[in-house]
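> Need coordinates for the below:
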Amino acid sequence: MPDIFGVPMVVLLGQIMLGLINGSFYAVLSLGLAIIFGMLNVINFAHGALYMMGAFVTWILLSTVGINYWTALFVAPMIVGLFGIVIERLALRHLYKVDHLYSLLFTFGMALALEGLFRYIYGSAGKPYPVPEQLAGVFKLGFMILPVYRAWVIVAAVIVCVAVWLVIEKTRLGAWLRAATENPSLVTAFGINVPLMLTLTYGFCVGLAGFAGVLAAPIYQVSPGMGSNLIIVVFAVVVIGGLGSIGGSILTGLSLGVIEGLTKTFYPSASTIVIFVVMAIVLIIRPAGLFGREA
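Reported below is the predicted structural model:
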């Protein structure tokens, strides 16, 4: 296979595939963030901590109860989602009508509290989680050897993202939810419980963070700091895609994962900042983001 700018094609294609894996996590996490901001008007800085919580719940279910990965794939997001519902009912619902700064400060504090709690109980060292037997092994693609589990992460993330986008954009439920954020009194007049709808929306979105945590558990060490290492990048993804833009967050997350992978190939020292450079350029050219609506 030919070289491109001195880089073997095998290496280049391998980095693109690895970028898609990272981009899958960016897409799922930024999707939840975009919905929460667009529908609830809340900047949810706790999203990374809830992602970490999903990974820890998955590890705890296996190590203490013996619940396997496939069951945890459904149970862990439900537990994280229920936790989010409690937080929304007790605190966040009082912040919908005030300045974004209040929700940012509250969720930032919640993130620190959750991370500190898990660090106090389980320590800072990472906890290994085994790859499920059904997803062990590798695909030999010619240009790289791709672990089956990492291919599963890409497929699962894309399916979930597309399904959520279809529900929000193409169904009556999604239409009600969009209308409830713009004119709640009108939607209430049709007999729809708007506060309950918003509560369930927040619970579902943090459940998505928990789902991403389940996917991450067999790849990364499950540790209290795994969410804080990722949340800043995910926020940058949401800003680039456009705050509140659901489709934009999905496409941007996957694309930036690939860009990050290519940067590791051609200029490795810039791979940690390339997303933020892209964010700066986008904000200069189009402040509302690539897919956001101008105010």
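> Poorly predicted segments of the stretch 51-200 of the chain, please.
Residues of the stretch 51-200 of the chain meeting the criterion pLDDT under 70: 143.
> Recalculate using a threshold of 90.
93-101, 124-126, 137-147, 168-198 (pLDDT under 90).
> So what's the gap between the one helix or strand residue 280 maps to and the chain middle?
Here residue 280 sits within helix 274-285, counting by DSSP states H and E. Here the centre of helix 274-285 is set off from its chain's centre by 20 Å, with CA atoms, centre = their mean, to the nearest Å.
> So what touches that helix?
Applying CB atoms under 8 Å, 6 or more residues apart in numbering, the contact partners of helix 274-285 are 233, 236, 237, 239, 240, 256, 259, 260, 263, 270, 289, 290. Where C-beta positions appear, they are placed from N, C-alpha and C, glycine not excepted.
> again, but for stretch 122-138
The contact list for stretch 122-138, computed with CB under 8 Å, 6+ apart, reads 55-56, 58-59, 62-63, 68-70, 145-149, 152, 217-218, 220-226.
> which residues in this protein form strands?
For the chain, the strands defined by DSSP state E cover 3-4, 7-8, 138-140, 145-147.
> buried set for the third one?
So the one you mean is strand 138-140. Neighbour-count burial for strand 138-140, counted by 16 or more other CB atoms under 10 Å, picks out no residue.
> tell me which residues in the helix holding residue 280 are buried?
274, 275, 278, 279, 282.
> Show me the helices in the stretch 101-250 of the chain, by range?
148-170, 172-182, 184-189, 194-216, 228-241, 246-266 (DSSP state H, counting those that start in this stretch).
> so who does the closest residue to residue 110 other than its chain neighbours touch?
In space, and not counting its chain neighbours, residue 110 is closest to residue 46: 4.4 Å by CB to CB, 6 or more residues apart in numbering. Listed by CB under 8 Å, 6+ apart, the contact partners of residue 46 are 87, 107, 108, 110, 111, 114, 206.
> and the angle from the longest helix along the chain to helix 274-285?
Determined from DSSP state H, the single longest helix within the chain is helix 9-40. Helix 9-40 and helix 274-285 are oriented at 50 degrees to each other (axes from the mean of the first three to the mean of the last three CA atoms, to 10 degrees).
> counting contacts, what elements does helix 9-40 pack onto?
Helices and strands touching helix 9-40, by 3 or more CB pairs under 8 Å, 6 or more residues apart in numbering; DSSP states H and E, are helix 47-60, helix 148-170, helix 172-182, helix 194-216, helix 228-241, helix 246-266.
> what's around residue 240, how many residues?
The number of residues packed near residue 240 is 29, by other CB atoms under 10 Å.
> What of the one 3 residues further on?
The burial metric for residue 243, expressed as a neighbour count using other CB under 10 Å, is 21.
> gap between residue 214 and residue 195?
Using CB to CB, to the nearest Å, we find residue 214 at a distance of 29 Å from residue 195.
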